[in-house]
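Model the following, please.
(2 chains)
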Amino acid sequence: MSVKGRVAEAAELSGVRGCLQDYADRGVFRGYAELPERRGSIVFRFSWLGRHPYDLRYEPGTGAFTFLNAFPEVGSRSPLSYALKKFVEGRSAEALPDHRRIDPARASVSASVRQGALRLQVLAKPGEHAYSANRVVNLLHEVHLYLSLYYPEYLWENYDAPQE
Amino acid sequence: MSKNEKKPSRRAFVKSAALGAGAAALGAPPIQASAQEAPDDPITVPPEFEAAENAVLPAIDFPMRGAQVFARACKEEGVKALFCCPGNYDIVHAIGDTGIPTYGGRNEGSMAHAADAFCRATGEVAATSGTEGPGFTNMICAIASANAARSPILVLASNKSVFAEDSEQGIQDAYQQPTTEGLRKYGKRMITPSRVWEYAAYAFRQLKSGVPGPVHLDFPAEVARARFDDPIELEYFFDQSKYRTDTRPYPDPQAIEAAANMLTAAQRPIIVSSNGVFYRRAWGALRQLAERNDIPVIESGATKGQFPADHPLSADAAPGALASADVVLLVGQYCMPTLGEFAFGPDARYIRIDPSAEDIGRNLPIDLGIVSDERAALEALAAAIPARSRPAWVEEIAEARRAFGAENEQFYQTGLGYTDAVHPAVIGRELAAFLHEGDLPRDRTTIVQGGYGIARYTRRYLRAFRPGQIINGAYQYGAIGPDLGYAFGVATAVRHGIGPQADYQGHPIVAITGDAGFGFTGMEIETMSKYRMPVVIIVYNNNAWGTWNGQVNNEIGLPVHLFQENVRYDRMAEALGGHGEYVTRPEDFTPALERAYGIARDQSRPVLLNVQARKEFWLREQPPGFLGKVEPGVMSYYH
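Predicted coordinates for the structure are as follows:
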């Protein structure tokens, strides 16, 4: 990687760290930690919604943000997986207000099921890593809201939410 | 009871318990039994009710019993009603003799729930009473529910003498105070008879200041029956101005300035209005602040209606917009959610106004905390904040409202497709149409929003247009089944036109419950009937507990969650003096509702609609299925 590339990557990483650290400083994330870099990726670990532990993997080289373990127990061909994928894809829709949207000019978004868990991924365009860090955190929140409204039983079973 | 005390006769108790009961009971014709019963054997209200209503209040002065001294304190402090069952006779009769409306029901638990709902509908203090031992322990669930809802109920329970309790003499001995620890704001066993007025002062200081909550006093016989020949024998026998204050904490002007700056700078601020706004009657200041700075308002809490649902700034039915808020002002949110329990996003900043400094910062991290009386803070903010408008944000709220309404309409159309039973979306949509869009003024009817699964639907459709219009049944504690106890308390509040119910005095109320919930408090239909309370009760009868769908694959355990099918709760209502209707098809729901309302209004008695559904409506395979929710707003009941 060129010096210019390394400088750019360091700047992106700094922006991402700043974004996530701000959530920790404000008390949104609890137990926030940055794990040592492994094979070009960094994992940020924290607990948040429902005191659930989350690992957010960030690859500075590619700009990929992936929630690895946010939504376990999702079957690859289940109606829930289809519903969630459709919902996630819709987060770039033009009908959404800018503050709720993932701007496709700045980042792309996708969801996939791997090893029985739904993975959320935001892929940042160059210069948009801090923006994407903010968007992927908000995306997790939006998916949680969607489940609260339409799949409460999933949260009963996997997030220890009250059935009543 | 000591050997020297005469036990009051049943007749004497009934006479006293009916004191202050509504005038509607007087002169009303006997309730005709249903056609199946012998026509010469009608259910009647005995003449003692009328006699009690016409009885002259006794002049009570020294020499006085301890119970009478305490009752005088209750009267001077403005306790608005007492809900009880037989037992704790000294206190109950003494309170009734002061003219405080006193009602007797079938179960102490139901009556304590009634007191809770009375507080939630009026913002005033209500008392509840049970006898020592079982009567007291019957109230535990209701005390816990009131505690979770932050309702200022005064729980009064008798005791045997301390000797009897220590030695297990007789029956019904129990040491009460540890039982309510963790379930109340304040509790005290009265021990020294001469301090009975002082104990009352302790109670009312707690009930009338800060964050409300239940106060539990228990009366050993030595206190209730002590005799005082002269006021000089009482300690601390002062006017209330000497033992408590009505002054309130005012906000720090710098904090108000900071809050005004945060709100004005925000792009998408929102106000969450909760219990404290209701109890401090701060809805005028709330509206002034919202309109001046164009800030949408959403509600949470045990009582809804501080901000009218038809106001353009109401975000109560706009769940899709909540994640857009960038600054959230929480006012009087006594029961704080943890992170993620409210729908606001991770970038939202929080301002919290609360009278209790000890609670600010709990659960939800704050960016600004303001220790203050809610009304004082809202008035100060409204005065300090500049005018501004936010057309884009207000339009986003409006669009979210439209989307929510369209989704609910879609659920209704889907529900109409089930023709062999009544879908909950049909109940919710058509009940809302009757109450809010028909001939009735939309703010008229006070609603007990009870039930579990059915409430996931009805909350989506029902709206509050004025303070105290919706009592949020299962709020926070989540007890299943208090609903008819709540209904009795709310009906009492409306009958007497207390607080925000003043303009709606005498009108029927509506209560929603489920078949599971009905099993807990259903006998209170008899209580409503004997006091001639106009209550329309909707029982969502799906033949099952609301939990059954989570156990559908548990073949062995499933019957735990099921009832017999097609149980006739309507006939039970008729047997208890009410009117009943059985509704089995969607097209019959609204006509039955119209008849029910007319009977309740014209005959001043309870009417039960037994609305037959089926448990399978909660399955995802029968859409829309069991519904989720987001909070705050119309769907909220956790916080």
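
Quick check: the closest residue in space to residue B:423 that isn't next to it in sequence vs residue B:460, distance?
Leaving aside its sequence neighbours, residue B:423 sits nearest to residue B:415 (Cβ to Cβ, 6 or more residues apart in numbering or on different chains; 3.2 Å). Heads up, the C-betas are built off the backbone N, CA and C, glycines and all. Relative to residue B:460, residue B:415 is positioned 12 Å away (Cβ to Cβ, to the nearest Å).

Got phi/psi on the residue nearest to residue B:423?
When quoted as degrees, to the nearest 10, the phi and psi of residue B:415 stand at phi -60, psi -40.

my guess is it contacts residue B:426, does it?
Yes. Counting by Cβ atoms under 8 Å, residue B:415 does reach residue B:426; the two are 4.6 Å apart.

shared neighbours of those two, which are they?
Common neighbours of residue B:415 and residue B:426, using Cβ atoms under 8 Å, 6 or more residues apart in numbering or on different chains, are residue B:586.

Of the two, give the one with the bigger neighbour count.
The neighbour count for residue B:415 versus residue B:426, taken as other Cβ atoms under 10 Å in any protein chain shown, is higher for residue B:426 (27 against 23).

ok, residues contacting the strand or helix carrying that one?
If you go by DSSP states H and E, residue B:426 is part of helix B:424-432. Here helix B:424-432 makes contact (Cβ under 8 Å, 6+ apart) with B:408-409, B:411-412, B:414-416, B:453-454, B:456-463, B:510, B:512, B:538, B:540, B:586, B:589-590, B:593, B:611, B:613, B:617, B:624.

next helix or strand past it?
strand B:447-449.

by contact count, what packs against that following strand?
helix B:453-461, strand B:470-472, helix B:483-496, strand B:509-514 (3 or more Cβ pairs under 8 Å, 6 or more residues apart in numbering or on different chains; DSSP states H and E).

quick one, helices of chain A?
Along chain A, the segments classed as helices by DSSP state H run A:3-25, A:79-89, A:129-150, A:152-158.

Columns mean neighbour count and distance to residue A:111 on top of those, output as a markdown table?
Output for those, formatted as a markdown table (neighbours: other Cβ atoms under 10 Å in any protein chain shown; distance: least, Cβ to Cβ, whole Å):
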| stretch | mean neighbour count | distance to residue A:111 |
| --- | --- | --- |
| helix A:3-25 | 15 | 21 |
| helix A:79-89 | 16 | 4 |
| helix A:129-150 | 22 | 8 |
| helix A:152-158 | 17 | 14 |
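
Make JSON lines from those helices and add distance to chain B to it.
Shown next, in JSON lines, are the helices of chain A (distance: least, Cβ to the nearest Cβ, whole Å):
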{"stretch": "helix A:3-25", "distance to chain B": "6"}
{"stretch": "helix A:79-89", "distance to chain B": "8"}
{"stretch": "helix A:129-150", "distance to chain B": "5"}
{"stretch": "helix A:152-158", "distance to chain B": "4"}
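
Put together JSON lines for those helices, with mean pLDDT on each row.
Converted to JSON lines, those look like this (pLDDT from 0 to 100):
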{"stretch": "helix A:3-25", "mean pLDDT": "94"}
{"stretch": "helix A:79-89", "mean pLDDT": "97"}
{"stretch": "helix A:129-150", "mean pLDDT": "98"}
{"stretch": "helix A:152-158", "mean pLDDT": "92"}
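
got a markdown table for those, with distance to residue B:301 too?
As requested, these are exported to a markdown table (distance: least, Cβ to Cβ, whole Å):
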| stretch | distance to residue B:301 |
| --- | --- |
| helix A:3-25 | 28 |
| helix A:79-89 | 30 |
| helix A:129-150 | 19 |
| helix A:152-158 | 21 |
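
For the single nearest residue of chain A relative to chain B, give me the backbone phi and psi.
Chain B sits closest to residue A:27 of chain A, with a gap of 3.0 Å, by Cβ to the nearest Cβ. The phi and psi values for residue A:27, taken as degrees, to the nearest 10, are phi 90, psi 10.

how many neighbours does it have?
15.

tell me the contacts of it?
Residue A:27 touches B:339, B:365, counting by Cβ under 8 Å, 6+ apart.

Which strand or helix spans the most centrally placed residue in chain B?
Taking Cα atoms, centre = their mean, the centroid of chain B lies closest to residue B:117, which sits 2.3 Å from it. According to DSSP H and E, residue B:117 maps onto helix B:108-122.

ok, back up a step: quick check: which of the helices and strands packed on strand B:447-449 is buried the most?
helix B:483-496 (a mean of 30; mean count of other Cβ atoms under 10 Å in any protein chain shown).

counting contacts, what elements does it pack onto?
Packing contacts for helix B:483-496, counted by 3+ Cβ pairs under 8 Å, 6+ apart, involve strand B:82-84, helix B:108-122, strand B:447-449, strand B:509-514, helix B:515-521, helix B:524-530, strand B:535-541.

pLDDT on it, on average?
The average pLDDT for helix B:483-496 rounds to 98.

How about stretch A:51-64?
pLDDT averaged over stretch A:51-64 gives 95.

Quick one: residues contacting the residue nearest the centre of chain A.
Of all residues in chain A, the one closest to the mean position by Cα atoms, centre = their mean is residue A:136, 3.7 Å from it. With Cβ under 8 Å, 6+ apart as the criterion, the residues that contact residue A:136 are A:56, A:65, A:67, A:120-122.

Include distance to residue B:433 when you put the helices and strands packed on strand B:447-449 into CSV, please.
What follows is the helices and strands packed on strand B:447-449, written out as CSV (distance: least, Cβ to Cβ, whole Å):
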stretch, distance to residue B:433
helix B:453-461, 8
strand B:470-472, 16
helix B:483-496, 21
strand B:509-514, 13
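
Find the nearest non-adjacent residue to residue B:629, please.
residue B:635 (3.9 Å).

Now do the same contact list for the one you found.
Residue B:635 neighbours (Cβ under 8 Å, 6+ apart): B:319, B:456, B:459-460, B:629.

three-state assignment of it?
The assignment at residue B:635 comes out as coil when based on DSSP: H, G, I helix; E, B strand; the rest coil.

any idea how far it is from residue A:115?
In terms of Cβ to Cβ, residue B:635 sits 34 Å off from residue A:115.

The stretch 501-639 of chain B: helices as residue ranges?
B:515-521, B:524-530, B:569-575, B:589-603 (DSSP state H, counting those that start in this stretch).

Please identify the deepest-packed of those.
helix B:524-530 (a mean of 26).

residues from chain B in reach of chain A?
B:267-268, B:319, B:323-324, B:326, B:338-340, B:343, B:345-347, B:349, B:365, B:367, B:396, B:452, B:474, B:478, B:480, B:546-547, B:549-550, B:620, B:626-630, B:638 (Cβ under 8 Å from any Cβ of the partner chain).

Which single residue of the stretch 201-350 of chain B approaches chain A most closely?
Per Cβ to the nearest Cβ, the residue of the stretch 201-350 of chain B with the smallest distance to chain A is residue B:340, at 3.7 Å.

close enough to count as contact, that residue and residue A:50?
Yes. Contact criterion Cβ under 8 Å: residue B:340 and residue A:50 qualify, at 6.0 Å.

Confirm residue B:362 sits in a strand?
No. Remark: residue B:362 does not belong to a strand; assigned using three-state DSSP, it is coil.

The helix or strand residue B:350 falls within: what's the following helix or strand?
Residue B:350 belongs to strand B:349-354 when assigned by DSSP H and E. Using DSSP H and E, the helix or strand that follows strand B:349-354 in sequence is strand B:368-371.
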